[in-house]
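Trainee: Give me coordinates for this.
(one chain, ligands or ions: 1)
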Amino acid sequence: QDFVKKAPKIELHAHLNGCVRRQTLFEIAQRKQINVDFSIFDLRNIRGAFSIFQLIHQVLGDLSDIRRVSREVLEDFRDQNVAYLEIRTTPKSCELGTYTKEQYLATVIDEIQQFQQQYGHKMQARLLVSIDRGRPLEDAQSTFDHILKLKNNNLIVGLDFSGNPTKSTFKEYEQLLEQARKEGLKITIHVAELEGDEYIQESLDIVNFKPDRLGHFNFYNQNLYNKVRQLDIPIEMCPTSNFYTVNMKSLSEHHFKEFFYQGHTINLNTDDTCVFDTDITQEHFKMIQAFNLSTDEFKQLLIRSSSMIFDQAYKPQLLQRINEYFSNHQK
Ligand code: 5GP
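Mentor: Numbering: from 1, shown residues only. Modelled structure (predicted):
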């Protein structure tokens, strides 16, 4: 596990507020005298996750909370030896009116910039802005307008489409995502998270849109699988999160096997460290164990991950760090 922990890893699918430290969440809740129902943390499936997000958003009601959480999340990934991180978050205004969407985004960006100055040599961090399908289209439009204003800022490298998959449809947001693509933003979309015919159809719509990356891709039929393979769209996999969503008996059932051994470009991520009580080392370690991956296969996995990053300018350095690590360390 130490070998995996020290390896320069790549995290591309982590939701900022879903990665708040539990301790921090409890501390802030206590200070604000917000009652936390601890039992919701036992419900580690997608529905349970959404009640946890609700609680997190309720507790983190001040800009100072957002600042603290941003800093701590960056530090946590750094301490797991992540060499390159794309953290994603949904810009929001506080329901109690203590901050606006612009202030929210500015705060997260400011924290990333400060981090970069101090620790950029250890971990490079970039931002993906999330569009929440659980909110109205106008909300997504206003988020997009804010991004355009911040475009010269090199930290925002892409757009993520996420939120409760039972709400609204991809089609409603397609035009906006197309506009974002025309503006030069890379696109990653949560897809096939749930089982059912209606989701298969939506997943086909999403894959046909040809996003730069796909998130999760839990449930598919042969046609959907062939399409993703043929279009060669990289997949961000989140083993522990997928384990609970799919209700697997063991991680060896993970769809990793249907992609990794075919040479498909995939990587491993945490999704929400707070919700799934995990970290990026564990995500790799568990899969190495589940599939008995060799050191060479682990290296291959990191190399494929590095080809998925949205800030392609950093790729050569990342590859160099991976190669150096594996040539200098014997397992
Ligand atoms: P935030 O955007 O507030 O920083 O992070 C939490 C949000 O990320 C959630 O409210 C939800 O919109 C999104 N999110 C986190 N994990 C998942 C997931 O597994 N699936 C989907 N569809 N959305 C998620």
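
Trainee: Can you point out the helix or strand that includes the closest residue to Q262 other than its chain neighbours?
Mentor: Take Q262 and drop its neighbours on the chain: the residue closest to it by C-beta to C-beta, 6 or more residues apart in numbering is R229, 6.9 Å away. In this view, the C-beta of every residue, glycine as well, is placed from N, C-alpha and C. R229 belongs to helix 222-231 when assigned by DSSP states H and E.

Trainee: and what of H264?
Mentor: Here H264 is assigned to no helix or strand, by DSSP H and E.

Trainee: Leaving out the residues flanking it, which one is nearest to it?
Mentor: Per C-beta to C-beta, 6+ apart, closest to H264 is R229, 6.5 Å.

Trainee: again with R88
Mentor: R88's closest residue in space is L128 (C-beta to C-beta, 6+ apart), at 3.8 Å.

Trainee: Likewise for S250?
Mentor: A290 (7.0 Å).

Trainee: correct me, but the one you found touches S252?
Mentor: Yes - A290 is within contact range of S252, at 4.6 Å (criterion: C-beta atoms under 8 Å).

Trainee: now the stretch 201-331 of the chain, which segments are flagged as low pLDDT?
Mentor: 330-331 (pLDDT under 70).

Trainee: more crowded one of A290 and S252?
Mentor: Set side by side, A290 and S252 show more neighbours around A290, with 18 against 13, by other C-beta atoms under 10 Å.

Trainee: how close does the more buried one get to the ligand?
Mentor: 20 Å (C-beta to the nearest ligand atom, to the nearest Å).

Trainee: for that residue, what are its contacts?
Mentor: A290 sits next to 250-252, 254 when contact means C-beta atoms under 8 Å, 6 or more residues apart in numbering.

Trainee: who in the stretch 51-200 of the chain is up against the ligand?
Mentor: Counting by C-beta under 6 Å from any ligand atom, the stretch 51-200 of the chain comes close to the ligand at 53, 89-90, 130, 132, 162-163, 165, 190, 193.

Trainee: What about the residues you listed, which are in helices?
Mentor: F53 (DSSP state H).

Trainee: and which of the residues of the stretch 51-200 of the chain next to the ligand is nearest to C19?
Mentor: Using C-beta to C-beta, T89 comes nearest to C19 of these, at 9.6 Å.

Trainee: Do I have it right that S241 meets D277?
Mentor: No - contact status for S241 versus D277: not in contact, 10.8 Å apart, counting by C-beta under 8 Å.

Trainee: So for those two, which residue has more residues nearby?
Mentor: Each of S241 and D277 has its neighbours counted (other C-beta under 10 Å); S241 has more, 27 against 12.

Trainee: so what's that one closest to, chain neighbours aside?
Mentor: D271 (3.8 Å).

Trainee: likewise F26?
Mentor: Here the residue nearest F26, using C-beta to C-beta, 6+ apart, is V36, at 6.4 Å.

Trainee: and that neighbour, what is it in contact with?
Mentor: 25-26, 29, 55, 59.

Trainee: neighbouring contacts of stretch 123-130?
Mentor: By C-beta under 8 Å, 6+ apart, the list of residues contacting stretch 123-130 reads 15, 74, 77-78, 82-91, 105, 108-109, 112, 115-116, 143, 147, 155-163, 188, 310-311, 314.

Trainee: Counting only helices, which of these make the cut?
Mentor: Checked against DSSP H, the contacts of stretch 123-130 include these in helices: 74, 77-78, 105, 108-109, 112, 115-116, 143, 147.

Trainee: Pick out the lowest-pLDDT one from those.
Mentor: Among the ones in helices among the contacts of stretch 123-130, I147 has the lowest pLDDT, at 93.

Trainee: Report the separation between that one and the ligand.
Mentor: I147 is 14 Å from the ligand, by C-beta to the nearest ligand atom.

Trainee: Without its sequence neighbours, what residue ends up closest to that residue?
Mentor: Closest to I147 by C-beta to C-beta, 6+ apart is V129, at 5.5 Å.

Trainee: what about that neighbour, how many residues close to it?
Mentor: Neighbours of V129 (other C-beta under 10 Å): 22.

Trainee: how close does it sit to I235?
Mentor: 21 Å (C-beta to C-beta, to the nearest Å).

Trainee: likewise F50?
Mentor: For F50 relative to I235 (C-beta to C-beta), the value is 22 Å.

Trainee: Look at those two and report which has more neighbours.
Mentor: I235 (23 against 17).

Trainee: Torsion angles phi and psi at the more buried one?
Mentor: phi -120, psi 130 (degrees, to the nearest 10).

Trainee: thought it was touching H264?
Mentor: Yes - taking contacts as C-beta under 8 Å, I235 lies within contact range of H264: 7.0 Å.

Trainee: Now do the shared contacts for the two.
Mentor: Joint contacts of I235 and H264 (C-beta under 8 Å, 6+ apart) are V228.

Trainee: Relative to E193, how far out is I288?
Mentor: 24 Å.
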